[in-house]
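Peer 1: Predicted coordinates and the sequence they were generated for:
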Amino acid sequence: MKGFLSTCLIMAILLTGCNAAEKPQGNAQKPMELPVIDRVALEEAKGIAKENRRVDEVAAVTLKDELYVGLKVTNFNRFFLRSIRKDVHGRLKDQFPKRAIHVTTDSKLFDELSRLEGQIREDPWGMDREGLKRKLDKIHEDMKG
């Protein structure tokens, strides 16, 4: 009986040891991902939006196949916000047909987009992709409502 118990104990230890070696390490670090930011498209989008004479400043952020553009419009040009958004959106859609274009003239959203753009420009490695996507989704939700 002692031989049987010791054999079972040895088998259990061996099986447990083998399973532990096969399990992936839980604390293995994921490779650092850089947000997919197309700087050329970003600068081009800003140039296209700036062509509208009623637009004072432009902030833009690209992430994968989405383009978020904030427009700063002041003084009497604020009476034409809808036509400004429509004009800039149309020009951007013509230039970037495969991207989802989001244009806003809201001053609070413009400030948030310009802050995000500044963070991306100064330290693209420091910004995680999920956090950036979450912030842009919130901005998109605020654009709707």
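Peer 2: Cool, got the structure.
Peer 1: residues of stretch 45-57 that come out buried?
Peer 2: 45-46, 48-49, 52, 54-55 (16 or more other CB atoms under 10 Å). For glycine as for every other residue, the C-beta is placed from the backbone atoms N, C-alpha and C.
Peer 1: cool, stretch 79-89 as well?
Peer 2: Using 16+ other CB under 10 Å as the test for burial, stretch 79-89 gives 84-85, 87-88.
Peer 1: Just put those in CSV and tack on distance to residue 128 and secondary structure.
Peer 2: Output for the buried residues of stretch 79-89, formatted as CSV (distance: CB to CB, whole Å; DSSP: H, G, I helix; E, B strand; the rest coil):
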residue, distance to residue 128, secondary structure
84, 33, helix
85, 30, helix
87, 34, helix
88, 29, helix
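Peer 1: Most widely separated two among those residues?
Peer 2: Greatest spatial distance among the buried residues of stretch 79-89 (CB to CB): 85 and 87, at 7.4 Å.
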